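Asks: Here is the input, now give the coordinates:
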Amino acid sequence: MELKFGCKSLILKLPFGVNARVLKPQASNPLEQPEKVLQDAIQCPVASAPLKEKVSAGDTVSILVNDSTRVARSEFFLPYLVNELKDAGIREKDIFIVFANGSHRAMSKPEMTALVGSNVASCIRLYNHDGQDDANLVHRGKTSFGTPVYVNKMVAEADRRILTGSVVHHFFAGFGGGRKALIPGVAGWETIRRNHSLLLDQNARTGVLKGNPVHEDLLEAAQMIGCDFLLNTVLNEKKEILGVFAGDMVKAHLAACELVEKVNGVRLEKPADVVIASCGGYPKDINMYQSHKTLDNAMQALKPDGQMILLAECTEGIGSAAFEEWAYKYRSCEEMEENLRREFVLGGHKAYTVSKLLRQGKVYLVSDLDPQVAARIGFIPVTSLEEAVGIVYDEDKAADTVIIPQGSIVVPRVSNV
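Replies: Next comes the predicted model:
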C-alpha cells in the first residue's frame, strides 16, 4: 500500500504472513454539497445570530486564518465569508486577514495567497502575526491560571473578530480549532509560553476538554479578547470537508469536536507489536515539530516496548531551534521535565514530550533529517521504509501490526486500556 511522505508516496511491502490491520477514520465521506452546508452554517449558526447581524457598516473586521502548518480549506470558505460581510455593508478596505502563526515562522506572500485563494488575496489585506514583536501586542489582563494575555494589536483593536480554522485532536489542548485561533494563534510569546507550561498536568491530553487546564486557560484568555463569529471545518484524510460549524466560539467548536471524535477516534482491541505510521504527508510532516503529533497518536496503539516505523519527511528540519538545543543539552526526560518546571521554554516542551514518548518503544524514523540529528533526538534513523521493515520483521514475521496512513488525525482508542 502507499503511505504519504511529504508531497510524494512510499510503497509499503510487508513480509508474507504478517497480520496487519489498517486504522482509518470512520465514515469519512465528504459532504455532497459543501457550498450549501457552508452557506447554511453562516446564515443559521450555532447559538449565535447570523453573521450579517453581527456586523454593521463601518466596522473593521479581522479574520483569523490558519497558517501553512494546518489545513482548514480556508481558500474554500473565505470567499463566502468576505461576500457575506460585503453584503452586510462592510467595505473591502475595512476587512483584513491575520494568519494565526502562533509560535511558528512567518509565511511568504505566495504561501499566504495559496491559503486564502487568489481572489481574496487580490482585495483583502494579509498580515503575518509575530508573537515576539512586542510593539504590535496589547495586554488584556491575566487568566485565573496566571497567564498574562498579550494579543495582536490589530486583532484586539478591530471592531469585530472572526475566528476560522479546522478541528482535530490535539495532544495537550484536547482539540484544535475554536479558541486556538486567538490563543495561541495571535498571542504574544509569553502568553503562549505560560499557557503551554500547563501541559505538564496529567489532564492535558488528547481528546480531553473538561478539567484540561491548557484548554480552560486558552478559553478564558480568548474570552477576554472576544470572538464575534466562529467558522470551523472538519476534514477527512483527503482534506475534503466533512462538516462546517459556525456561530458561538464555544458551542460551535464543541459540536465540531464531537464529529472529530466520532470520525477519528478509532477503536482498537489491543495494542500492537508493531505500528507503522505516516503523518499523512505535507504539511503534517513539514518538520519534526509538527510530526510529533503523529508520534503521539500512533504511540497509543503500540504495546510497551513495541516497535514503530514513523514516516515524516521533515523538509524544514526540526522546526524549532529550542527543540534541537534541548535535545542536545539534556540527557534524560526527567532532566528536561525538571527544567521545564523551573522555567518553561517553548520548543523545549516538544523535546520533552518526544523524549517521553520514545521511552515507550523503539521508533525507526524514515525522514530527510540528518541521521545524527534524528539519533540525538532519540529516534533510530533509517535510510528507507524498506530498511525499516527489514529490521522490524527480521526476527518476528508474525508480529501483530497496525498501519496508520493518516497518523496526524487518527487517534487509536484501545478498548482494554
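Asks: mind giving me the domain ranges of the chain?
Replies: According to automatic domain parsing, the chain is divided into the following domains: 2-24+265-414, 34-235.
Asks: Export these as CSV, with columns for distance to residue 256.
Replies: C-beta coordinates here come from the backbone N, C-alpha and C atoms, glycine included. As requested, these are exported to CSV (distance: least, CB to CB, whole Å):
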stretch, distance to residue 256
domain 2-24+265-414, 13
domain 34-235, 4
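Asks: export the ones you listed to JSON lines and tack on mean neighbour count and mean pLDDT?
Replies: Output for the domains of the chain, formatted as JSON lines (neighbours: other CB atoms under 10 Å; pLDDT from 0 to 100):
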{"stretch": "domain 2-24+265-414", "mean neighbour count": "19", "mean pLDDT": "94"}
{"stretch": "domain 34-235", "mean neighbour count": "20", "mean pLDDT": "96"}
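Asks: I'd like to know which of those domains lies nearest to residue 248.
Replies: Closest to residue 248 of the domains of the chain is domain 34-235 (CB to CB; 4.0 Å).
Asks: all helices of the stretch 101-250 of the chain, in order?
Replies: 109-116, 118-123, 153-157, 189-196, 213-225 (DSSP state H, counting those that start in this stretch).
Asks: Output these as JSON lines; include the columns distance to residue 341.
Replies: Below are these laid out as JSON lines (distance: least, CB to CB, whole Å):
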{"stretch": "helix 109-116", "distance to residue 341": "36"}
{"stretch": "helix 118-123", "distance to residue 341": "44"}
{"stretch": "helix 153-157", "distance to residue 341": "31"}
{"stretch": "helix 189-196", "distance to residue 341": "13"}
{"stretch": "helix 213-225", "distance to residue 341": "14"}
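Asks: Of these, which is nearest residue 376?
Replies: helix 189-196 (22.9 Å).
Asks: In this structure residue 381 contacts residue 368, no?
Replies: No. Contact criterion CB atoms under 8 Å: residue 381 and residue 368 do not qualify, at 10.5 Å.
Asks: before we move on, the earlier item: compare the helices of the stretch 101-250 of the chain and give me the one nearest residue 82.
Replies: Minimum separation from residue 82 across those (CB to CB) falls at helix 118-123, 6.0 Å.
Asks: who does that closest one touch, helix- and strand-wise?
Replies: Packing partners of helix 118-123 (3 or more CB pairs under 8 Å, 6 or more residues apart in numbering; DSSP states H and E): helix 74-87.
Asks: Export the helix it packs on to CSV, keeping only CA atoms.
Replies: The C-alpha trace of helix 74-87 is given here as CSV (Å, rounded to 0.1, in the frame of the first residue of the first chain):
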residue,chain,number,x,y,z
SER,A,74,-9.7,28.5,4.0
GLU,A,75,-9.5,29.0,0.3
PHE,A,76,-12.9,27.4,0.0
PHE,A,77,-14.8,29.3,2.8
LEU,A,78,-13.1,32.7,2.8
PRO,A,79,-14.8,34.0,-0.4
TYR,A,80,-18.2,33.2,1.2
LEU,A,81,-17.3,34.9,4.4
VAL,A,82,-16.0,38.0,2.6
ASN,A,83,-19.0,38.2,0.4
GLU,A,84,-21.3,37.9,3.4
LEU,A,85,-19.5,40.8,5.1
LYS,A,86,-19.7,42.9,2.0
ASP,A,87,-23.4,42.2,1.7
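Asks: the strands in the stretch 101-250 of the chain, which residues?
Replies: Taking DSSP state E, counting those that start in this stretch, the strands of the stretch 101-250 of the chain run over residues 125-128, 137-142, 148-152, 160-166, 169-170, 174-175, 229-235, 241-247.
Asks: which residues touch the first one?
Replies: It stands for strand 125-128. 95-99, 101, 106-107, 109, 112-113, 116, 154 (CB atoms under 8 Å, 6 or more residues apart in numbering).
Asks: repeat that with 7 Å
Replies: 96-99, 101, 106-107, 112, 116, 154 (CB atoms under 7 Å, 6 or more residues apart in numbering).
Asks: One more: the fourth one?
Replies: Taking CB under 7 Å, 6+ apart as the criterion, the residues outside strand 160-166 that touch it are 54-55, 59, 61-66, 70-72, 74, 81, 155, 177, 180-182, 226-235, 249.
Asks: Just checking: what are the partner strands of that strand?
Replies: Here strand 160-166 is paired, per DSSP bridges, with strand 61-66 (parallel), strand 229-235 (parallel).
Asks: Next: the fifth one.
Replies: Pairing partners of strand 169-170, with direction, according to DSSP bridges: strand 174-175 (antiparallel).
Asks: Surely residue 388 and residue 307 touch.
Replies: No. Assessed by CB atoms under 7 Å, residue 388 is found out of contact with residue 307, at 9.2 Å.
Asks: list residues touching both of these two?
Replies: Shared contacts of residue 388 and residue 307 (CB under 7 Å, 6+ apart): none.
Asks: Where do the strands of the stretch 251-400 of the chain begin and end?
Replies: Per DSSP E, counting those that start in this stretch, the stretch 251-400 of the chain carries strands over the ranges 265-268, 272-278, 302-311, 361-366, 380-382.
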